[in-house]
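Trainee: predicted model, plus sequence, below.
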Amino acid sequence: MKIKGPLFDLNQSLCCGQTFRWQSSEDHWWYSVVNDRIVKVRQIEEELEFEIQPGLSAPKEFISNYFRFDDDLESIYQKIGKDDFLIKAISQARGLRVIRQDPWECMISFIVSQQNQIPKITRSIETMAQKFGTCTIFEGKNYYLFPTPEQLCTAKIKTLQSGFNLHGCALGYRARYVLGTAYLIYNNALEFRLDDLKKLPYNTAYRLLIDSFFGIGPKVADCVLLFALDKLEAFPLDTWTRRIIRKLYFNDERIKDEKIKEFCADYFGEFAGYAQEYLFCNRINICQSNPGKNMTKAL
DNA sequence: ACCCAGGCGATTG
DNA sequence: CAATCGCATGGG
């Protein structure tokens, strides 16, 4: 099936670190598990070709919902393209879209992402899926759904934590955060469902996430809000974007996160999350080195 | 042998 | 309140 879509760059959108379960194959096809379905996608020129199994009643809507085709990118570019830095960053990743993910999977993924590196995050999540998720077969290959809260609750903390020679989940100290979160969700111990947070204002949802879960702080909360709960004003502040904002707008001064986020909300406005994605995507160009490198003593 | 990673919670001053 | 520490594991 095909969609002649709006402005869109599949590779930029899949490779920018917002999602961790896509794998590229021969012929430029990408494969992933989206919720409980295997999805296969490739982009040729302006056309997005895809296949979804098992069969769906509204596959095109599924795809355009997942890739947020309703976001008017040109209009968003107008709003976040406030200066030459952003205009450059946008031009380098034109067509990158925020992807609308499942809140549960997104939350666990970004808990795993803390104080971690993208290749290792990817490997950890894949291993968790293989160990605890449901297996389905597509084109003769095994694919594993992201584990449900119930499935994750069966995990032993040591199994999640340990790496044993690259065969374990290797979550390290984050294992207890993941397990604790799974327990809370599975036992329905919260006053709200994750999806309910979509209906709340950004600030309320932000506080609820941080206050309800063990291991979710400002950064992870903002990732979940941006990538899964439709809060495009969320601006996840990680080591990279912190350094980028300080460098571009504060002359490398060591100002506090609270001030940075205040500035970003003000400066970029309702689509600050998109600004964050384009800046993060261009982090190497902007910083030209690791953020923390040799900075510990210098400050 | 270091030092760091898409941070967070606990502990100090 | 603000600033600093420890954390598990893997990679450079």
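Mentor: That came through, no problem.
Trainee: was I right to think A:Ile111 contacts A:Tyr173?
Mentor: No - with contact defined as C-beta atoms under 8 Å, A:Ile111 does not count as touching A:Tyr173 (11.0 Å). (C-beta placed from N, C-alpha, C; glycine too.)
Trainee: between the two, which one's more packed in?
Mentor: Taking neighbours as other C-beta atoms under 10 Å, A:Ile111 and A:Tyr173 compare with A:Ile111 leading, 24 against 10.
Trainee: just the pLDDT for the more buried one.
Mentor: Looking at A:Ile111, its pLDDT is 98.
Trainee: cool, and A:Leu56?
Mentor: 85.
Trainee: number of residues surrounding it?
Mentor: A:Leu56 has 14 nearby residues by other C-beta under 10 Å.
Trainee: out of everything not next to it in sequence, what's closest to it?
Mentor: A:Phe62 (5.6 Å; C-beta to C-beta, 6 or more residues apart in numbering).
Trainee: what secondary structure category should be reported for that neighbour?
Mentor: Three-state call for A:Phe62 (DSSP: H, G, I helix; E, B strand; the rest coil): helix.
Trainee: any idea how far A:Asp238 is from whatever residue of the stretch 101-250 of chain A ends up closest to DNA strand B?
Mentor: Relative to DNA strand B, the nearest point of the stretch 101-250 of chain A is A:Gly217 (2.3 Å; C-beta to the nearest atom of the strand). According to C-beta to C-beta, to the nearest Å, A:Gly217 stands 11 Å off from A:Asp238.
Trainee: which of those two has more residues huddled nearby?
Mentor: Each of A:Gly217 and A:Asp238 has its neighbours counted (other C-beta under 10 Å); A:Asp238 has more, 20 against 12.
Trainee: what residues are up against that one?
Mentor: A:219, A:280 (C-beta atoms under 8 Å, 6 or more residues apart in numbering).
Trainee: kindly report the same for A:Tyr77.
Mentor: Counting by C-beta under 8 Å, 6+ apart, A:Tyr77 touches A:Ile90.
Trainee: just the strands in the stretch 1-150 of chain A please.
Mentor: Using DSSP state E, counting those that start in this stretch, the strands found in the stretch 1-150 of chain A span residues A:2-4, A:23-24, A:30-34, A:37-44, A:47-53, A:135-138, A:141-144.
Trainee: ok, how many other residues are close to the residue nearest to the residue of the stretch 101-250 of chain A closest to DNA strand B when sequence neighbours are not counted?
Mentor: Distances taken as C-beta to C-beta, 6+ apart place A:Ile210 nearest to A:Gly217, at 6.3 Å, with adjacent residues excluded. A count of nearby residues for A:Ile210, using other C-beta under 10 Å, gives 14.
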